[in-house]
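# generate coordinates for the sequence data below:
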Amino acid sequence: MDQNDIQRLRDELERTRFQLYFFYELTKAMRLTLKLDEITYIILTGLTAHEGLSFNRAAIFFVDQEAKLIKGFMGIGPLDSKEADEIWHHIEEEKKDLYDLIDDYSRIRENAVKPRFMEFVRALSLPLDESSGFIYEVLNQKNIIHMKEDRIVSYKNDPLMKKLILKDFLASSLWIKGKPTGVVIADNYITKKPISDDDMKIFGMFMEQATGAIENSQSFETTLARAHTDSLTSLWNYGYFQYKLDEEITKAQSLNLPLSLMMIDIDDFKKFNDTRGHLQGDSALRQISEVFKENTRKIDILCRYGGEEFALILPNNAKPETALLGERIRKSIEERNILNSTFTISVGISSYPSDGRDKLSLIEKADQALYQAKRLGKNQVVLA
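Numbering: from 1, shown residues only. Down below sits the predicted model:
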């Protein structure tokens, strides 16, 4: 065995030692949380970090069976070479290791930082069928796919490849409980560094770890959602309302953003229940809840507070725009025929920071406004 062979073996041994250390550290990091967004960020950080698999960028897509879509969930990496220089210079200057990079997610989650590639990926959405091209093909396969430029020629009109300008990349489906759940894509879009067979092998090993972590996270989130969901209306329940209002107030304080709270009560609902019976009353509550959902944003937190009372937490909403929303919801309920009956609601609104800087103050002020709406004749919106 000559010196070249010895050096080659040393290099391979060092690379194997590094890979084992990296997988150990990444597995340890993934055990720190069960939240899907945090797990996903750790996975993508592992794929792109210099001390990880060091791809230029990585993105993950999840299947939305209800909407029949494949949606971009998260992406890490630069959108172009200018941004790449800025990001990599910052990482080098700050001497950031794997855990420092993972910690950056708290600022992203609070919207203090909005990475362009992440926003771009989150805006992507493709049909859950053959028209989506390559990503749909990957979704239904269980092996790692290495797409090289010579193969991409036959996909020149592929929607995802065109949007991400994919050339030489790896793709893997995520199979959880026997079903295709998502797709992970990684490439070297900026450096154009060729992807080797070793890269593909390590990527495959990594995806096995990632799939297990995502499965645990989704099981946890499903259990958590069930525990915090009202069984009748499928809205969030009282306990979740209390938890989320605390969390949103903290976020509003740290980012200096407005926050509003809307308390809603169905007028004379007891009379309807006594006249038509509880089964009809339950059906009415479900249909009224659907009207509330139709009028709220994805980021709004709609809860059943108890009985015929509901609460709506509105992040980044000041009082004037919340008042307009309250009026729109009130009118929608009044105009909707529900079980051949007309229902009305009374609404009370409070806002952070003008009406209070803590949870109890905001609830109390919104409640007072709601009772004022009742005293003034019901079927109206009152501001604290």
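
# all helices for the stretch 151-300 of the chain, in order.
Ranges of helices in the stretch 151-300 of the chain, per DSSP state H, counting those that start in this stretch, are 159-164, 197-227, 238-255, 269-276, 278-294.

# for the ones you listed, which one sits closest to G356?
Distance to G356, taken as Cβ to Cβ, is lowest for helix 238-255 among the helices of the stretch 151-300 of the chain, at 9.1 Å. Every C-beta, even on glycine, is put in place using the N, C-alpha and C of the backbone.

# so that closest one versus helix 197-227, what angle?
Between helix 238-255 and helix 197-227, the angle comes out at 120 degrees (axes from the mean of the first three to the mean of the last three Cα atoms, to 10 degrees).

# for helix 238-255, buried residues please.
Y240, F241, K244, L245, E248, I249, K251, A252 (16 or more other Cβ atoms under 10 Å).

# tell me the contacts of the last one?
The reference is to A252. Contacts for A252 (Cβ atoms under 8 Å, 6 or more residues apart in numbering) come out as P258, L259, P315, N316, Y352, P353.

# next: the first one.
Neighbouring residues of Y240 by Cβ under 8 Å, 6+ apart: H228, T229, I301, C303.

# which among those count as buried?
Looking at these with 16+ other Cβ under 10 Å, the buried ones turn out to be H228, T229, I301, C303.

# and which of these is nearest E119?
Using Cβ to Cβ, these come closest to E119 at I301, 22.2 Å.

# in space, what's closest to the closest one - neighbours in sequence excluded?
Using Cβ to Cβ, 6 or more residues apart in numbering and skipping the chain neighbours, the partner closest in space to I301 is I313 (4.0 Å).

# contact partners for T181?
For T181, the contacting residues are F62, V63, L174, W175, I214, Q218, by Cβ under 8 Å, 6+ apart.

# save the residues you listed as JSON lines, and put in distance to Y155 too.
Below are the contacts of T181 laid out as JSON lines (distance: Cβ to Cβ, whole Å):
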{"residue": "F62", "distance to Y155": "22"}
{"residue": "V63", "distance to Y155": "21"}
{"residue": "L174", "distance to Y155": "21"}
{"residue": "W175", "distance to Y155": "23"}
{"residue": "I214", "distance to Y155": "26"}
{"residue": "Q218", "distance to Y155": "30"}
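
# now, of the residues you listed, which are buried?
Buried, going by 16+ other Cβ under 10 Å: F62, V63, L174, W175, I214, Q218, out of the contacts of T181.

# format these as TSV; extra columns: pLDDT and distance to H50.
Shown next, in TSV, are the buried ones among the contacts of T181 (pLDDT from 0 to 100; distance: Cβ to Cβ, whole Å):
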residue	pLDDT	distance to H50
F62	96	27
V63	95	31
L174	95	25
W175	94	29
I214	90	24
Q218	83	29
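
# show residues contacting stretch 336-346.
By Cβ under 8 Å, 6+ apart, stretch 336-346 touches 264-269, 272, 276, 280, 283-284, 287-288, 291, 329-330, 333-334, 370, 373-374, 378-380, 382.

# that stretch spans what distance, first to last residue?
End-to-end distance of stretch 336-346 (Cα to Cα, to the nearest Å): 16 Å.

# quick check: mean pLDDT of that stretch?
Stretch 336-346 carries an average pLDDT of 93.

# may I see the buried residues of that stretch?
I338, F343, I345, S346.

# that's a strand at the residue nearest to I301, yeah?
Yes. The assignment for I313 is a strand, going by DSSP: H, G, I helix; E, B strand; the rest coil.

# which residues does it contact?
Residues counted as contacts of I313 (Cβ under 8 Å, 6+ apart) are F241, K244, L245, E248, L259, S260, L261, D300, I301, C303.

# for those, give me TSV that also has pLDDT and distance to D168.
Conversion of those to TSV gives the following (pLDDT from 0 to 100; distance: Cβ to Cβ, whole Å):
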residue	pLDDT	distance to D168
F241	92	49
K244	89	43
L245	92	48
E248	91	43
L259	95	46
S260	96	49
L261	97	51
D300	92	42
I301	93	43
C303	95	48
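
# of these, closest to I39?
K244 (20.4 Å).
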